[in-house]
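In: I need the structure of the sequence given here:
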Amino acid sequence: MLGRRHRRRATPASARPLGDDLPSAIDPPPGCRVHTRCPVAVDTCRTVAPEPRTIGEGGHQVACHLVTDDGTGPDVRRTQGAAP
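Out: Presented below is the predicted three-dimensional model:
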């Protein structure tokens, strides 16, 4: 293990950054902490904070109202613009 180097995964070319509207760390908005930057946020995201949960068979953790238990959800890479 000492001879192994940590390899960083490359960012996919299709990855889209969340916007520049960073919420306050001292006074975060109600609901999901990233709803102000998420292009697919819905009303629930603005009022209810999602609980972290395990999805799929790989043990991945997610805290999003729009991701289903099997790990599927909206493809934010194809969404234009940001949420109002």
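In: what ranges do the helices span in this structure?
Out: For the chain, applying DSSP state H gives helices covering 43-47.
In: can you map out the strands along it?
Out: 53-55, 60-62 (DSSP state E).
In: for residue 46, find the nearest of the ones you listed.
Out: Closest approach to residue 46 among the strands of the chain (CB to CB): strand 60-62, 18.3 Å. To be clear about C-beta, it is placed using only N, CA and C from the backbone, and glycine gets the same treatment.
In: now the closest one: mean pLDDT?
Out: What strand 60-62 shows for mean pLDDT is 89.
In: how about residues contacting it?
Out: Under the contact criterion CB atoms under 8 Å, 6 or more residues apart in numbering, strand 60-62 has outside partners 52, 53, 54, 55, 71.
In: give me the low-pLDDT residue ranges for the protein?
Out: 1-21, 76-84 (pLDDT under 70).
In: I figured residue 73 was touching residue 55, is that so?
Out: No: in this structure residue 73 lies outside contact range of residue 55 using CB atoms under 8 Å: 9.2 Å.
In: neighbour count for the two, which is higher?
Out: Neighbours per residue (other CB atoms under 10 Å) separate residue 73 from residue 55, with residue 55 holding more: 17 against 14.
In: list the contacts of the more buried one.
Out: 61, 62, 67, 68, 69, 70, 71.
In: okay, now the fourth one: neighbour count?
Out: Around residue 68 sit 11 other residues, with neighbours defined as other CB under 10 Å.
In: start at 23, not 1
Out: Understood, numbering begins at 23; the last thing we discussed is residue 90.
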